[in-house]
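**Q** Need a 3D model of the sequence below.
(4 chains)
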Protein chains: 2
Amino acid sequence: MKKYLSILKQTRLFSGVGEEDISAMLTCLDAKLRRYQNGEYVLHQGESVHDIMVLVEGALHIQKDDYWGNSNIIRNIGVGEIFGEAYVAPDSGAALNNVIAVEDSAVIFFEAQKIITTCPSACRFHTAVVQNLFFALSEKNRRLVQKLGHMSKRSTREKLMSYLSEEASRQNSATFVIPFNRQQLADFLSVDRSAMSNELCKMRDDGLIRFAKSEFTLL
Amino acid sequence: MKKYLSILKQTRLFSGVGEEDISAMLTCLDAKLRRYQNGEYVLHQGESVHDIMVLVEGALHIQKDDYWGNSNIIRNIGVGEIFGEAYVAPDSGAALNNVIAVEDSAVIFFEAQKIITTCPSACRFHTAVVQNLFFALSEKNRRLVQKLGHMSKRSTREKLMSYLSEEASRQNSATFVIPFNRQQLADFLSVDRSAMSNELCKMRDDGLIRFAKSEFTLL
DNA sequence: ATAAATACGTTGTATTTACAACATGAGGAG
DNA sequence: CTCCTCATGTTGTAAATACAACGTATTTAT
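**A** Okay, here's the model as predicted:
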């Protein structure tokens, strides 16, 4: 597991913690390394999860199958990303999705209970890790709430206004650059690209916004 | 603040902690009680938040104003509910929404930093509170991810299939009761009630589902 | 420099949805 | 029982959206 220390160090979970300290915590937290071949399942939908996981090699897909058998890729996970934080639950932390290796991969498992329980021994940076985990969950939460706010609008125009409005507020300027191209923005808002493109132009013609490429101005 | 101990005890945050212990923690966590009159702002959109808050009296609205001045009620908060957990952030935990008292209300503020930092004194139940907060955030996260999964479907039918599929899986049965009436389900999925009702019947006619009132069966 | 790929806007059409309006049936209150 | 109210289903129409198809500009690769 030592060979992955440099990766763990760059992880959100261990932000601000040195390699020597991470190394010490690996035993303190009872970390386990598991390897998966391309195509293998890391988690099955419905399976009970008690760990917080970090991908240290390869790539994973999070995907969901519905009752009628339709499969749907939700997102992919790259090296250094944490997953499973949301499954930490007192009772049944049933995995909502399948997690599948799409390359030969390596994952480090940390028992969630051990992370969020302050360890009795003087594990110096344990508090830092607890905080990091909190920040990660909290930030993810905020992003989800925001996205949900946009997506809950009925029309494409309202979705766009909600998103652009929030981006302006976040960047604290009526002129700002968004981190998406048109297709990505359409995917993010779950609308059709061409319909969205059309609506953007109508909004421009209606005097609501101006834009060029990914730079937008609210009027 | 003592008079609210019985309310705090029933809160997610203090689940499993006795009143005497909560009382001790109030000083340990440097809790502050603030009162608001009907119509007063508890938080302003964009304001920096460093506290986790519990409503102990009255009622609040969480609402959002966009760049063009349109206001939008997102949800309301009742007595005993926690809010602000998602703003726990290392840097700028800018409030995404306005929080407004819609009755004369009382809110207890806990410094987030003090909650997620293990206190140096032997505060017996601090660990329990940290875990509770974690579970709360984690559960909220899961709910958001699920809802987002449904809402990101393009058509009403797909939204319904996604929701019903997940509910069946959660209740571990092809027949299950949902906690919504039609209007609530429509609001939850952000679609029109009558259009949804129509689609449900089409799905029944297509042999996908059966239902009566709030009991559904997947076929 | 040329060719290929990509991003973006535009248009027309078929489909889907929202919205309004009304029908039906189950409960509750008097 | 009768009158209400409320939840749900049904229908028609107008509006919005998805989808496909295409033109053009810009970028990337060779």
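
**Q** Give the residue spans of chain A that score low on pLDDT.
**A** Applying pLDDT under 70 to chain A picks out residues A:92, A:118-124.

**Q** Can you give the domain ranges for chain A?
**A** Per automatic domain parsing, the domain ranges recorded for chain A read A:2-124, A:153-218.

**Q** most neighbours per residue, which of the ones you listed?
**A** Of all the domains of chain A, domain A:2-124 has the most neighbours on average by mean count of other C-beta atoms under 10 Å in any protein chain shown, namely a mean of 17. In this view, the C-beta of every residue, glycine as well, is placed from N, C-alpha and C.

**Q** quick one, strands of chain A?
**A** For chain A, the strands defined by DSSP state E cover A:32-36, A:41-43, A:51-57, A:60-65, A:71-77, A:82-83, A:98-101, A:105-111, A:175-177, A:209-212, A:215-218.

**Q** Need the phi and psi values for A:Glu40.
**A** Main-chain dihedrals, A:Glu40, degrees, to the nearest 10: phi -70, psi 150.

**Q** Identify the residues contacting it.
**A** By C-beta atoms under 8 Å, 6 or more residues apart in numbering or on different chains, A:Glu40 lies in contact with A:100-101.

**Q** same thing but at 10 Å, please
**A** A:Glu40 makes contact with A:34, A:99-102, A:104-105 under the criterion C-beta atoms under 10 Å, 6 or more residues apart in numbering or on different chains.

**Q** how about those residues, which pair is most distant?
**A** The distance between the two most remote of those (C-beta to C-beta) is 15.9 Å, for A:Arg34 and A:Val102.

**Q** Grab the longest helix from chain A for me.
**A** In terms of residue count, the longest helix belonging to chain A (DSSP state H) is helix A:126-151.

**Q** Residues of chain A that sit close to DNA strand C?
**A** Taking C-beta under 7 Å from any atom of the strand as the contact definition, chain A meets DNA strand C at A:154, A:181-183, A:194-195, A:197-198, A:200-201, A:211, A:213-214.

**Q** which one of those sits closest to B:Leu133?
**A** Among these, A:Arg154 lies closest to B:Leu133 (C-beta to C-beta), at 34.2 Å.

**Q** For that closest one, give its distance to B:Thr156.
**A** Applying C-beta to C-beta, to the nearest Å, the value for A:Arg154 to B:Thr156 is 12 Å.

**Q** Now do the shared contacts for the two.
**A** Residues touching both A:Arg154 and B:Thr156 (C-beta under 10 Å, 6+ apart): B:190-192.

**Q** chain center to stretch A:70-83, what's the gap?
**A** Chain-centre distance of stretch A:70-83: 8 Å, with C-alpha atoms, centre = their mean, to the nearest Å.

**Q** what's the first-to-last distance across stretch A:111-131?
**A** From its first residue to its last, stretch A:111-131 covers 16 Å (C-alpha to C-alpha, to the nearest Å).

**Q** for stretch A:186-199, same thing?
**A** End-to-end distance for stretch A:186-199: 11 Å, by C-alpha to C-alpha.

**Q** So which of the residues of chain A next to DNA strand C sit within helices?
**A** Among the residues of chain A next to DNA strand C, DSSP H puts A:182-183, A:194-195, A:197-198, A:200-201 in helices.
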